[in-house]
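Trainee: Structure here, sequence nowhere to be found:
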Ligand code: HEM
Ligand code: SF4
């Protein structure tokens, strides 16, 4: 993985020291909360319902075992012994003491981590396919370009005060696992006719109160021109984005109000000024970064493992986990293993310090000491020998992290909601827990098939409810928590926004409503259809009837 150079190291250390002085001035009363607020937000420190919350960047979701151990220790020493993996491939700590934050930043700096630009109206952590570099379906490793974007966007002087926050996601594979179409900029890698890699550029996607699926404004930009093109987009946005209205300030509104064609024209015009200039990335620089992502020392192994086949035949629970939680690797004899942080009854994405340390050890033993955070709030070990998968699974069982529910109804995305978040209308975590418990039986989950269920505690949509195959949105109706149900959303390459079923459900009825939707789908589905396939074929009406007619 990428390593900081001396400038990176100096920068994050300086930032930690600067924040120490700012915090001291706040505690001494020399700064008011109003004056301090932008300073703390520049370091990812939010003030929430009960305490400060710190958002720590995991650049494009890639971290080392050493870094994970440090996160575990920080969560134990400075928080309540657990952390929360987020849809933006970051870690949030929910119970932080202000006076301890400078020490945390210092500790993070010691393992090449920080919280810069994890908040505020700037370019946030770029997110990427969690299988980057190892997926069998990949064109090229997108981490190289995610790293390039990190270097370009970190403390970019022109883009530190954008109209609103800005999120970029990218994938090197045609199968989008990074929800790129619901980001401010989404990048999908393709090859042109000459076989050169480049990116399709999608702009103006986003969730929140006005959700949009992004629009393709360029079918192909060569990799060396990527930064020039991104700069052109950001310049147009920085100049014309609606600074007058916070709710209309995201680039999606600019693209929508200007029209895709006119917006594209403006970007292309700006790009002609930038193309071939200082932002052109020479092949040597791409190669230099690429070297950091060189494949680890894989052993020469046969494509399929006999040991794995035997263990699967002997052990049905292991077999179920392999079927559900692993994915094809491009290296013969290796496999990608997903650790779902979705044990029924627990908060989705929450992991204790003990579990983090144990998983860090597992990544050393089984996966070259590297891990990924996924946008579905899980962790992935990317480089496991098939022969050793059973051993890994046994260790995960001991840690209560071997639930075979990856990409099934139990693998729920949920935002912190009213349990932590100052903006929430309703609780998300207990709803997720209840649904996961209701569908705890893995056989039943498998019978239901691939299904993404996403929950947000308010319209800001941090839990991606608009693009859940089933989405749940917490709303406040005259002081009562109600849950709106949405169907048919999708965050993949065929992204779509979900449709609202109708009036919302009370907290004690929402799980029943989800069950009704599932039962209706099971009645209606044709052979081999997923929930989304069936919904796309039959539409909303049959679901609506079942949900509301009996009431
Ligand atoms: C607890 C403190 C949090 C606060 C105060 C907060 C605040 C917000 C706000 C205000 C928006 C709407 C932005 C807009 O539409 O312009 C938003 C969107 C979003 N947040 Fe959060 N959030 C929090 C936690 C999280 C967490 C835990 C996650 C990940 C699980 C997350 C991921 C996202 C995502 C994915 C979006 C929607 C995508 C988009 O930007 O359009 N946030 N958040
Ligand atoms: S969706 Fe709303 S409730 Fe959930 S974390 Fe975001 S701002 Fe908070």
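Mentor: That came through fine. Because the structure is predicted, anything quoted here is derived from the model rather than measured. Numbering: from 1, shown residues only. Ligands and ions are numbered 1, 2, ... in the order given.
Trainee: neighbours around the residue of the chain found nearest ligand 1, how many?
Mentor: At 2.5 Å from ligand 1, residue 208 is the closest residue in the chain, using Cβ to the nearest ligand atom. (C-beta placed from N, C-alpha, C; glycine too.) Per other Cβ atoms under 10 Å, the neighbour tally for residue 208 reads 19.
Trainee: what sits up against the helix ranked longest in the chain?
Mentor: If you go by DSSP state H, the chain has its longest helix at helix 6-27. For helix 6-27, the external contacting residues (Cβ atoms under 8 Å, 6 or more residues apart in numbering) are 4, 31, 33, 36, 39-40, 43, 98-99, 101-102, 105-106, 108-109, 112-114, 116, 155.
Trainee: Which ones among those residues lie within helices?
Mentor: 33, 36, 39-40, 101-102, 105-106, 108-109.
Trainee: Give me the number of neighbouring residues for residue 154.
Mentor: 17.
Trainee: Same question for the one 10 residues further on.
Mentor: With neighbours defined by other Cβ under 10 Å, the count for residue 164 comes to 23.
Trainee: how about it, what does it touch?
Mentor: Contacts of residue 164 (Cβ under 8 Å, 6+ apart): 121, 241, 246, 249-251.
Trainee: same deal with residue 533?
Mentor: 525-526.
Trainee: got a winner among the contacts of residue 164 for most neighbours?
Mentor: Neighbour counts for these, by other Cβ under 10 Å, peak at residue 251, which reaches 30 neighbours.
Trainee: Just the ones of the contacts of residue 164 in helices?
Mentor: Those of these mapping onto helices are residue 251, per DSSP H.
Trainee: Work out for me the element the closest residue to residue 368 other than its chain neighbours sits within.
Mentor: Spatially, and ignoring its direct neighbours in sequence, residue 368 is nearest to residue 296 (4.1 Å; Cβ to Cβ, 6 or more residues apart in numbering). Assigned by DSSP states H and E, residue 296 belongs to no helix or strand.
Trainee: what's the answer for residue 471, then?
Mentor: Per DSSP H and E: strand 470-477 holds residue 471.
Trainee: what does the average pLDDT come to for that strand?
Mentor: Strand 470-477 carries an average pLDDT of 95.
Trainee: Next SSE downstream of it?
Mentor: Following strand 470-477 in sequence, per DSSP H and E, is strand 480-487.
Trainee: Just the pLDDT at the residue nearest to the spatial centre of the chain, thanks.
Mentor: For the chain, the residue nearest the mean C-alpha position is residue 375 (2.5 Å; Cα atoms, centre = their mean). On pLDDT, residue 375 comes in at 91.
Trainee: Any idea what the nearest residue to residue 480 once chain neighbours are set aside is bridged to?
Mentor: Excluding its sequence neighbours, the residue lying closest to residue 480 (Cβ to Cβ, 6+ apart) is residue 506, at 7.2 Å. Residue 506 forms beta bridges with residue 482, as assigned by DSSP bridges.
Trainee: who are the neighbours in contact with residue 506?
Mentor: Contacts of residue 506 by Cβ under 8 Å, 6+ apart are 480-483.
Trainee: swap the cut-off to 10 Å and go again
Mentor: Contact analysis of residue 506 by Cβ atoms under 10 Å, 6 or more residues apart in numbering lists 477, 480-483, 512-513.
Trainee: Let me see the ranges of the helices in the stretch 151-300 of the chain.
Mentor: Counting by DSSP state H, counting those that start in this stretch, the stretch 151-300 of the chain has helices at residues 226-240, 251-258, 260-274, 283-292.
Trainee: show me where the stretch 51-200 of the chain has strands.
Mentor: 52-56, 62-64, 82-85, 91-96, 127-128, 168-171, 185-191, 197-203 (DSSP state E, counting those that start in this stretch).
Trainee: helices or strands up against the second one?
Mentor: I take that to be strand 62-64. If contacts are counted by 3 or more Cβ pairs under 10 Å, 6 or more residues apart in numbering; DSSP states H and E, strand 62-64 sits against helix 65-78, helix 143-153, helix 353-366, strand 370-373, strand 379-385.
Trainee: average pLDDT across it?
Mentor: Rounded mean pLDDT across strand 62-64 is 97.
Trainee: Use 40 as the first number for this chain going forward.
Mentor: In the new numbering, first residue 40, that becomes strand 101-103.
Trainee: who's in contact with that strand?
Mentor: By Cβ under 10 Å, 6+ apart, strand 101-103 touches 40-42, 95-96, 109-110, 128, 130, 150-152, 167, 169, 171-172, 182, 185-186, 332, 399, 402-403, 407-412, 418-419, 421.
Trainee: Around ligand 2, which positions in the stretch 440-589 of the chain sit nearby?
Mentor: By Cβ under 6 Å from any ligand atom, the residues of the stretch 440-589 of the chain that approach ligand 2 are 454-456, 460, 462-463, 495-497, 499-502.
Trainee: Likewise for the chain?
Mentor: So the chain meets ligand 2 at 454-456, 460, 462-463, 495-497, 499-502 (Cβ under 6 Å from any ligand atom).
Trainee: let's see it at 5 Å
Mentor: 454-456, 460, 462-463, 495-497, 499, 501 (Cβ under 5 Å from any ligand atom).
Trainee: so who does the residue nearest to residue 316 when sequence neighbours are not counted touch?
Mentor: Once flanking residues are discounted, residue 316 sits nearest to residue 267: 6.5 Å by Cβ to Cβ, 6+ apart. By Cβ under 10 Å, 6+ apart, the residues touching residue 267 are 260-261, 309-320.
Trainee: Same list, those, but as TSV with neighbour count and distance to residue 395 please.
Mentor: Output for the contacts of residue 267, formatted as TSV (neighbours: other Cβ atoms under 10 Å; distance: Cβ to Cβ, whole Å):
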residue	neighbour count	distance to residue 395
260	23	38
261	16	40
309	19	44
310	20	43
311	11	48
312	11	47
313	18	42
314	15	45
315	10	46
316	11	44
317	8	41
318	17	38
319	15	41
320	18	35
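Trainee: just the helices in the stretch 440-589 of the chain please.
Mentor: 468-477, 481-487, 549-563, 570-577, 580-583.
Trainee: what packs against the longest one?
Mentor: Judged by 3+ Cβ pairs under 10 Å, 6+ apart, the packing partners of helix 549-563 are helix 468-477, helix 481-487, strand 492-495, strand 509-516, strand 519-526, strand 544-545, helix 570-577, helix 580-583.
Trainee: residues making contact with the last one?
Mentor: Under the criterion Cβ under 10 Å, 6+ apart, residues 509, 524, 526-527, 538, 540-541, 552, 555-556, 559-560, 562-563, 573-574 lie in contact with helix 580-583.
Trainee: Show me where the chain dips below the pLDDT cut-off.
Mentor: Applying pLDDT under 70 to the chain flags the ranges 589-590.
Trainee: What residues does it have near ligand 1?
Mentor: Close to ligand 1, as judged by Cβ under 5 Å from any ligand atom, the chain has residues 125-126, 245-247, 455, 460, 499-501.
Trainee: just the buried members of those residues?
Mentor: Buried members of the residues of the chain next to ligand 1, counted by 16 or more other Cβ atoms under 10 Å: 125-126, 245-247, 455, 460, 500-501.
Trainee: among those residues, which two are most distant?
Mentor: Pairwise distances across those (Cβ to Cβ) peak at 19.7 Å, for the pair 245 and 455.
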